[in-house]
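In: got a predicted structure here, sequence first:
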Amino acid sequence: MKENSRLSKLIGTKSFYKMVLRVAVPIMIQNGITNFVSMLDNIMVGQIGTEQMSGVAIVNQLMQVFNVCIFGAISGAGIFGAQYFGKGNMEGVRDAFRFKVWISSLFTLIGILIFWCAGSDLITMYLHDGSDVGDVGRALYYGQQYLNVMMIGMIPFAISQMYASTLRECGETVVPMKAGIAAVAVNMCFNYILIFGKLGAPALGVQGAAIATLISRFVECAVIVGWTHRHKDKNPFAAGLYRTLKIPRSLAVQIIKKGSPLIINEALWSSGMAFMVQCYSVRGLSVVAALNISTTVSNVFNVVFLAMGNAVAILVGQLLGAGKLKEAKETDTKLIFAAVMSCVVIGAFMAMIAPLFPHIYNTSDEVKELARNLILISACCMPMAGFYHVAYFTMRSGGKTFITFLFDSGYVWIISIPLAYVLSRYTELPMVWLYLCCQMADVAKCVIGFIMVKKGVWIQQLTV
């Protein structure tokens, strides 16, 4: 009986999983297709050469900092948006969206200025002669070529995220998925045409990959924005959305108070991840190339726990907003268990393809061997990553943004980065063991996350 009672706390009913799948599956599909096509994009560029692949990989790492900063910038307002929707307050949802407009515009402008003025310097930070593989000068040239086009795509990306996040907070996850599928199809077609010069188009290589991504970003933006405003009956918040961009002072103060730690957290976390890669890059261009291959395949499989994190933010956030605090805690426990079990299965599959995937690329045997080992390490660590990711979203759903700041980026900068910096520069530890040590440092993060979630400090209603 006791065992059954424990299992009932961890495992939900059939109707529970149907509800979770309705939220999580469209997000998984959207992110999965996007990452799958990014992988195809990566493989296509990888067919041209190691320098092209490395240059693009470095720029994508830098762009990821911007992407995550936008995510953080809109997340503070998103907490209130989800809870306002759970309460049935559409004007509150509109005000949360308007805040996203202001903050996203500011971050996009800052991002473009930084990349315009210091793009080459940022790329150079990752280029080191530490092996016999590749030419760093050519990698810099291709990276700069790719960045010049990608900067334009930052604008439609920010707009898409504002709308997609608000739609998800209101329970609409299918339309962002469809927009992602459309963008992916466009990206894939133009990649093939512009990278290799098919159907009479010039072979633009790296520049062609960037142009294809840019076109797909505008397509995604047009689909999401167009659908939202054409279907005001399904999206009541869209009615009168732009009649003003003013936000009630009290709400703006609340969002800034709750959202600032999230914005700072995402900026520090993403820049921390970029710095971690920079630490690894001192071992040579072969490491940059191998990390690119490993990260590309990891991103495809990571969509499972990323979607489960979004499910926590949406489902638990709505329950908290409706004042159903006990149900929110029970739902969260079952979601965490489901996320970890899913990651066990997905991690096992990822480990199976680790010896095969690197051979798709046109690169050296040294890079392929290193990539294989890095993929295996990522696969083994996936259940752990799944747990602390969903724990992060649990704390965030209740507005405990300062705690999430310490838990996420605080941990990266206090523990992970110093460890990577010291091991990469002051030891002769082989790259595989260096990477493993840095990944296993997250065990302590899981312990902290478990304690914080179990204590229930995150359970609070913000929209009373």
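Out: Now that the structure is in, tell me what you want to look at.
In: kindly list the longest helix within the chain.
Out: Ranked by residue count under DSSP state H, the longest helix found in the chain is helix 50-87.
In: what's the first helix or strand after the helix or strand hosting residue 116?
Out: Element membership for residue 116, per DSSP states H and E: helix 90-124. Sequence order places helix 136-150 as the next helix or strand after helix 90-124, per DSSP H and E.
In: got the angle between that next one and helix 90-124?
Out: Angle, helix 136-150 to helix 90-124, by axes from the mean of the first three to the mean of the last three Cα atoms, to 10 degrees: 160 degrees.
In: the inter-axis angle of the helix or strand hosting residue 226 versus helix 136-150?
Out: Here residue 226, judged by DSSP H and E, is contained in helix 206-230. Orientation check (the same axes, to 10 degrees): helix 206-230 against helix 136-150 gives 20 degrees.
In: could I get the contacting residues of the spatially most central residue of the chain?
Out: The centroid of the chain falls nearest to residue 68 when counting by Cα atoms, centre = their mean (6.3 Å). Going by Cβ atoms under 8 Å, 6 or more residues apart in numbering, residue 68 touches 266, 267, 269, 270. (Each C-beta comes from the backbone N, C-alpha and C, glycine too.)
In: let's see stretch 69-87 as PDB, backbone CA atoms only.
Out: C-alpha atoms of stretch 69-87 as PDB (Å, rounded to 0.1, in the frame of the first residue of the first chain):
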ATOM      1  CA  CYS A  69      18.700  36.800 -23.400                       C
ATOM      2  CA  ILE A  70      15.400  37.400 -25.300                       C
ATOM      3  CA  PHE A  71      14.000  34.400 -23.600                       C
ATOM      4  CA  GLY A  72      14.900  35.800 -20.200                       C
ATOM      5  CA  ALA A  73      13.700  39.200 -21.100                       C
ATOM      6  CA  ILE A  74      10.200  38.000 -21.900                       C
ATOM      7  CA  SER A  75      10.100  35.400 -19.100                       C
ATOM      8  CA  GLY A  76       9.400  37.800 -16.300                       C
ATOM      9  CA  ALA A  77       6.300  39.100 -18.000                       C
ATOM     10  CA  GLY A  78       5.500  35.500 -19.000                       C
ATOM     11  CA  ILE A  79       5.100  34.500 -15.400                       C
ATOM     12  CA  PHE A  80       2.400  37.100 -15.000                       C
ATOM     13  CA  GLY A  81       0.900  36.300 -18.400                       C
ATOM     14  CA  ALA A  82       0.300  32.600 -17.500                       C
ATOM     15  CA  GLN A  83      -1.200  33.500 -14.100                       C
ATOM     16  CA  TYR A  84      -3.400  36.300 -15.600                       C
ATOM     17  CA  PHE A  85      -4.700  33.800 -18.200                       C
ATOM     18  CA  GLY A  86      -5.300  31.200 -15.500                       C
ATOM     19  CA  LYS A  87      -7.400  33.900 -13.700                       C
END
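In: buried ones in that stretch, by neighbour count?
Out: 69-87 (16 or more other Cβ atoms under 10 Å).
In: how close does residue 101 sit to residue 216?
Out: Separation of residue 101 from residue 216 (Cβ to Cβ, to the nearest Å): 23 Å.
In: scratch that, residue 11 is what I was asking about
Out: For residue 11, the distance to residue 216 equals 39 Å [Cβ to Cβ].
In: who's more crowded, these two?
Out: Comparing residue 11 with residue 216 by other Cβ atoms under 10 Å, the one with more neighbours is residue 216, at 26 against 14.
In: pull the number of nearby residues for residue 122.
Out: Using other Cβ under 10 Å, residue 122 has 20 neighbouring residues.
In: any stretches of the stretch 351-464 of the chain with poor pLDDT?
Out: Applying pLDDT under 70 to the stretch 351-464 of the chain flags the ranges 457, 460-464.
In: so where do the helices sit in it?
Out: With DSSP state H, counting those that start in this stretch applied, the stretch 351-464 of the chain shows helices at 365-380, 382-397, 401-405, 411, 417-426, 431-440, 443-455, listed in chain order.
In: which of the ones you listed sits most buried?
Out: Across the helices of the stretch 351-464 of the chain, the average number of neighbours (mean count of other Cβ atoms under 10 Å) peaks for helix 382-397, which reaches a mean of 24.
In: gap between that helix and the chain center?
Out: Mean-position distance between helix 382-397 and its chain equals 13 Å (Cα atoms, centre = their mean, to the nearest Å).
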